[in-house]
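**Student:** structure for the following, please:
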Amino acid sequence: MMVRSLLLVFFLLCSSLSAEIRTLTILHVNDIHSRLIALENGRGGFAYLAAAINKERAGCKDCILLNGGDLAQGSPVSTMYKALPVFQIANQFKFNAATLGNHDFDYGYEQTTKLIGASKYPLVSSNVVDNEGHLFAKKPYVILKINGLRVGVIGVMTDQLHTLAFPKNLGKWHTISSVETARKYAAEIKGKCDLVVALGHITAPEEQAFLKEQDIHVIVSGHIHSGLEKAMESPDHVLVRTKNGGEELGRLELKIDTVKKAPVSWTWKKIDVIDANITPVPAVAKKVKVWEDKVTAIVDAPLAVSDRDYTKAEVKAILEDSMREAAGADLAYMNLGGVRALIPKGPLKVRNAWNVMPFDNLILYGTFKGRDLPELVTAGHTIDPDKDYKLAVPDFIAATALPKLAFPNEAGLQRDALIAHLKKKWGQSASR
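**Tutor:** Residues are numbered from 1 along each chain as shown. Down below sits the predicted model:
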């Protein structure tokens with residue numbers, strides 16, 4: 001009995017001696033959406049975000065920087081130049097790894113390939129494939145070496161990609177199960193790594209699923225723009241996500257047990273990128289100015305005057321009004337998620353309309369019996385089932401949410417309709 005006890009003590013002593021705790025700091029952003037310059041609230045902008053990153057990196061020997069996707073789409077420079085300058089400037093952030101978001105496909109998969117080629121850092125995505133199973137990205141994961149740790153970072157795209165992008169923009173590419181695919185690669189690399197991280201552009205239910213994955217203990221998430229107030233946790237698991245637009249930088253500090261290959265403790269905080277408190281990085285500011293100067297003559301022209309701040313739901317209604325006017329329609333429908341910025345109080349520039357509607361979406365319209373209209377577009381309206389109604393929607397909605405309805409007519413760009421509407425209604429003052 002005594003021999004067994006001695007052997008048990010010896011085993012525990014050896015195990016404790018072989019265990020090693022090492023630190024890792026993950027700096028992270030997500031859904032920057034090409035916001036090269038500060039937002040209306042005086043936050044963000046590439047030169048200011050770069051300064052915040054540099055400050056957090058200073059003296060940090062265990063830091064890596066990750067990007068959770070959707071670097072493209074959201075500013076005039078991105079729309080006019082198909083995001084290529086944005087990806088080129090973003091190299092100044094010196095990401096250690098990034099993944100793709102759904103909006104990184106907004107200019108077509110051929111352009112996405114060019115964006116990956118312009119990135120001077122690993123851009124990983126494990127579950128965007130063709131029918132033969134070939135990966136769209138060059139790598140499904142990367143193994144980073146930092147502070148004596150081997151950190152496997154697996155890129156993951158939401159299973160909902162097919163509802164979030166035009167079919168023509170995806171071509172032959174589609175997603176396979178995000179969780180199952182990441183699980184497969186985690187099992188493949190766990191013997192080569194001290195920690196496996198999922199870098200995911202994923203939905204809320206997918207986030208919950210990843211928190212239960214045995215071999216993936218850290219999830220750096222994107223896609224949901226609101227960010228988190230505090231880290232999401234489950235036993236030996238932590239998930240973090242920041243606000244969109246480059247307004248926040250996340251800092252996750254971990255202590256990693258290299259035997260268990262899992263974190264034993266962590267702390268997380270968000271650093272607000274408030275421009276008034278930050279000196280921008282001159283080299284980044286210079287590159288931003290080059291491209292902003294190319295678009296300023298178009299987007300910085302005076303447009304209208306708003307009497308107050310408008311909520312997202314109110315901006316949605318304004319977009320619907322503008323589509324009805326452009327198409328001469330009875331009804332219009334705009335998805336709330338398609339509203340990309342708010343309308344602030346005060347003088348408006350054309351840029352404000354671009355910020356609200358950065359997509360080159362077309363207005364499509366058709367005539368339908370009331371009985372054939374889905375509740376999606378009739379909510380809040382009294383509809384006669386036997387009456388004909390002319391309905392206007394963005395082409396994205398027609399393709400993804402209303403594929404059974406035929407929209408044979410076109411009424412121009414949705415953004416142009418918004419500009420015309422604001423100029424007509426609010427050219428002197430807002431009375432809405």
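**Student:** domain ranges for the chain, per the record?
**Tutor:** Using automatic domain parsing, the domain parsing of the chain gives 20-289, 300-426.
**Student:** for the helix or strand containing L239, the distance to its chain's centre please.
**Tutor:** Counting by DSSP states H and E, the element that carries L239 is strand 237-240. Distance of strand 237-240 from the chain centroid (CA atoms, centre = their mean, to the nearest Å) equals 18 Å.
**Student:** for stretch 25-39, same thing?
**Tutor:** Distance, centroid of stretch 25-39 to centroid of chain: 9 Å (CA atoms, centre = their mean).
**Student:** cool, and stretch 187-204?
**Tutor:** Counting by CA atoms, centre = their mean, stretch 187-204 is centred 19 Å from the centre of its parent chain.
**Student:** distance-wise, check R241 relative to I224.
**Tutor:** 6 Å (CB to CB, to the nearest Å). For the C-beta atoms, the positions are set from N, CA and C on the backbone; glycine is no exception.
**Student:** same thing with P302?
**Tutor:** The value you get for P302 to I224, if CB to CB is used, is 35 Å.
**Student:** the two: which has the busier surroundings?
**Tutor:** Taking P302 and I224 together and counting by other CB atoms under 10 Å, I224 has the greater number of neighbours (18 against 11).
**Student:** how about Q214, what does it touch?
**Tutor:** If you count contacts by CB atoms under 8 Å, 6 or more residues apart in numbering, Q214 has none.
**Student:** so where is the stretch 151-300 of the chain shaky, pLDDT-wise?
**Tutor:** Residues of the stretch 151-300 of the chain that meet the criterion pLDDT under 70 are absent altogether.
**Student:** coming back round to it: buried deepest among the domains of the chain, which one?
**Tutor:** domain 20-289 (a mean of 20; mean count of other CB atoms under 10 Å).
**Student:** endpoint to endpoint, that one covers what distance?
**Tutor:** For domain 20-289, the first-to-last residue distance is 47 Å (CA to CA, to the nearest Å).
**Student:** now the end-to-end length of stretch 33-40.
**Tutor:** Span of stretch 33-40 from end to end, CA to CA: 15 Å.
**Student:** actually, stretch 171-182.
**Tutor:** End-to-end distance of stretch 171-182 (CA to CA): 23 Å.
**Student:** what's the answer for stretch 342-360, then?
**Tutor:** End-to-end distance (CA to CA), stretch 342-360: 18 Å.
**Student:** list of residues touching the strand holding L239?
**Tutor:** Contacts of strand 237-240 with the rest of the structure, by CB under 8 Å, 6+ apart, involve 26, 28, 207, 210-213, 216-221, 228, 231-233, 250, 252, 254, 263, 266, 268.
**Student:** packing partners for the helix or strand following that strand?
**Tutor:** Next helix or strand after strand 237-240 toward the C-terminus (DSSP H and E): strand 248-257. Helices and strands touching strand 248-257, as assessed by 3 or more CB pairs under 8 Å, 6 or more residues apart in numbering; DSSP states H and E, comprise strand 21-29, helix 46-57, strand 218-222, strand 237-240, strand 262-272.
**Student:** out of those, the one nearest E320 is which?
**Tutor:** Closest of these to E320 is strand 218-222, at 28.5 Å (criterion: CB to CB).
**Student:** so how far is that closest one from its chain's centroid?
**Tutor:** 12 Å.
**Student:** equivalent analysis for stretch 116-125, please.
**Tutor:** 16 Å.
**Student:** average pLDDT for it, rounded please.
**Tutor:** Across stretch 116-125, pLDDT averages out at 98.
**Student:** so who does the one residue sitting closest to the centre of the chain touch?
**Tutor:** Note on the chain: the residue nearest the mean C-alpha position is D31, at 3.0 Å, using CA atoms, centre = their mean. Contact analysis of D31 by CB under 8 Å, 6+ apart lists G68, G69, D70, G101, G222, H223, H225, N244, G245.
**Student:** quick check: the last one touching I32?
**Tutor:** Yes - using CB atoms under 8 Å, G245 is in contact with I32, at 6.7 Å.
**Student:** pull up the overlap in contacts between these two.
**Tutor:** Common contacts of G245 and I32, defined by CB under 8 Å, 6+ apart, comprise G74.
**Student:** which of the contacts of D31 lies closest to L199?
**Tutor:** Of all the contacts of D31, L199 sits closest to G68, with 6.1 Å by CB to CB.
**Student:** so E410, which of the three states?
**Tutor:** Assigned by DSSP: H, G, I helix; E, B strand; the rest coil, the conformation of E410 is strand.
**Student:** what pLDDT does it get?
**Tutor:** Per-residue confidence (pLDDT) for E410: 98.
**Student:** assess the claim that G44 and L249 are in contact.
**Tutor:** No - using CB under 8 Å, G44 is not in contact with L249; the gap is 10.1 Å.
**Student:** need the residues touching each of those two.
**Tutor:** V273.
**Student:** could you pull out the strands for the stretch 101-250 of the chain?
**Tutor:** Assigned by DSSP state E, counting those that start in this stretch, the stretch 101-250 of the chain shows strands spanning 128-129, 141-146, 149-157, 174-175, 195-201, 218-222, 232-234, 237-240, 248-257.
**Student:** who does the second one touch, helix- and strand-wise?
**Tutor:** Think strand 141-146. Packing partners of strand 141-146 (3+ CB pairs under 8 Å, 6+ apart): strand 63-67, strand 149-157, helix 178-189.
**Student:** can I get those in JSON lines with distance to V295?
**Tutor:** Putting these into JSON lines (distance: least, CB to CB, whole Å) gives the following:
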{"stretch": "strand 63-67", "distance to V295": "24"}
{"stretch": "strand 149-157", "distance to V295": "29"}
{"stretch": "helix 178-189", "distance to V295": "35"}
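**Student:** I'd like to know which of those is closest to R22.
**Tutor:** With CB to CB as the criterion, R22 lies closest to strand 149-157 of those, at 5.3 Å.
**Student:** what's that closest one packed up against?
**Tutor:** strand 21-29, strand 97-98, strand 141-146, helix 178-189, strand 195-201.
**Student:** distance of Y141 from P235?
**Tutor:** Taken as CB to CB, the span from Y141 to P235 is 24 Å.
**Student:** then A204?
**Tutor:** Following CB to CB, the distance that separates A204 from P235 is 20 Å.
**Student:** can you check T163 too?
**Tutor:** 32 Å.
**Student:** what do you get for N409?
**Tutor:** Distance, N409 to P235, by CB to CB: 56 Å.
**Student:** likewise for L303?
**Tutor:** 53 Å.
**Student:** ok so, going back, could you save the helices and strands packed on strand 149-157 as CSV and add columns showing distance to A401?
**Tutor:** Converted to CSV, those look like this (distance: least, CB to CB, whole Å):
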stretch, distance to A401
strand 21-29, 29
strand 97-98, 29
strand 141-146, 33
helix 178-189, 22
strand 195-201, 20
